[in-house]
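Visitor: Sequence and predicted structure, then a few things I'm wondering about:
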Amino acid sequence: MHTASIAVLAFAAAAAAQPALNPPPGAVDESGRFGVGTEISAQTTPGDANSVFKITEPGLYYLSESVVVSQAPLRVAIEIAADGVVIDLNGFRLESNPPSTAGIGPDSIDVSDVVVRNGTISGFARGVYGLGVGNTANRMFNTLVHDLIIEVADDPTGFTPVGIFTRDGWVIRGCIVRGSDAAARGILADDSIVSGCRIEVPAIGIDSDNSLVESCYVITTGGFTYNIGGQSLIRGCLGAGGSASMSNGVTSIDNKF
């Protein structure tokens, strides 16, 4: 028997020995992009007095459709109340109508090792907010935020609109932030890495101390494009419409403001 014939027979035998690929009936609980996870919904992640949805266990959580919330001020739409949480918006939109305070963030406890990614957050004064809304002593640490579009809104309680807000060392990359409120800011992030973001707001584009800011493009209407302080490094960034403010300890390389 020829070698080729033996190989064909061996492949056929191996294929016959494999189990049939017949999935069980019913819905499959997965995001479709990043593997098995839990859908964010009123049934699986019910909220409380401070939130519309609340995540209390580590794991991957995702949207399966765009969500519009109508919540009272000083609440967070998706509250993170556990370490090790990944929120994948899965290309969908999280929106508040009417505008309210916070889209995604902690409230009741400190949390760490969080990822928020891949979608649009609209209608909140703080899109991704690293401080608790009801208790600003609670914080979100060691967080990666990427590939988001954030449309900041005026807040009825007087919170300054900021697309992404942290004091606690995040990595923020590939995000677009825009807003029309006169006080709107794009990213406020200390001790962080901000990379590849595009900001279009009236007041301040990127406000950061002791950070690496690189490859960003900011447009403001008269406010600071960049307000950078501490021992920061800013490189390869562009700005238009407003001026840039740098403190004495900042290293500036290959920027055009």
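Guide: Perfect, I can see it now.
Visitor: check contacts around the closest residue to Gly205 other than its chain neighbours.
Guide: Computed as Cβ to Cβ, 6 or more residues apart in numbering, the closest residue to Gly205 that is not its neighbour in sequence is Val218, at 3.1 Å. From N, CA and C alone the C-beta is placed, and that goes for glycine too. By Cβ atoms under 8 Å, 6 or more residues apart in numbering, the contact set of Val218 is Gly186, Arg198, Ile199, Glu200, Gly205, Ile206, Thr225, Tyr226, Cys237, Leu238, Gly239, Ala240.
Visitor: and with 10 Å instead?
Guide: When contacts are counted by Cβ atoms under 10 Å, 6 or more residues apart in numbering, Val218 is found next to 177, 186-187, 197-201, 204-206, 224-226, 237-242, 244, 257.
Visitor: out of those residues, which are buried?
Guide: Using 16 or more other Cβ atoms under 10 Å as the burial test, the contacts of Val218 include 177, 186-187, 197-201, 204-206, 224-226, 237, 239, 242, 244, 257 as buried.
Visitor: how about whichever helix or strand Val68 is part of: buried residues?
Guide: When secondary structure is defined by DSSP states H and E, Val68 falls within strand 67-69. Neighbour-count burial for strand 67-69 flags Val67, Val69 (criterion: 16+ other Cβ under 10 Å).
Visitor: Tell me the spacing between the residue nearest to Gly205 and Gly127.
Guide: Going from Val218 to Gly127 by Cβ to Cβ, to the nearest Å gives 16 Å.
Visitor: can you list the weak-confidence ranges in the chain?
Guide: In the predicted model, the chain carries pLDDT under 70 at residues 1-35, 72, 134-136.
Visitor: switch the cut-off to 50
Guide: Within the chain, the segments meeting pLDDT under 50 span 1-32, 34.
Visitor: List the neighbouring strands of the lengthiest strand in it plus their orientation.
Guide: Using DSSP state E, we find that the single longest strand of the chain is strand 111-129. Here strand 111-129 is paired, per DSSP bridges, with strand 85-88 (parallel), strand 93-105 (parallel), strand 140-152 (parallel), strand 162-166 (parallel).
Visitor: next structured bit after the last one?
Guide: What that stands for is strand 162-166. strand 171-173.
Visitor: gap between that next one and the chain center?
Guide: Strand 171-173 sits 9 Å away from the centroid of its parent chain (Cα atoms, centre = their mean, to the nearest Å).
Visitor: packing partners for that strand?
Guide: strand 111-129, strand 140-152, strand 162-166, strand 185-189, strand 193-195, strand 212-214 (3 or more Cβ pairs under 10 Å, 6 or more residues apart in numbering; DSSP states H and E).
Visitor: And the ones you listed: which comes nearest Gly47?
Guide: strand 111-129 (15.1 Å; Cβ to Cβ).
Visitor: Now do the buried residues in the closest one.
Guide: By 16+ other Cβ under 10 Å, the buried positions in strand 111-129 come out as 111-112, 114-129.
Visitor: All set, thanks.
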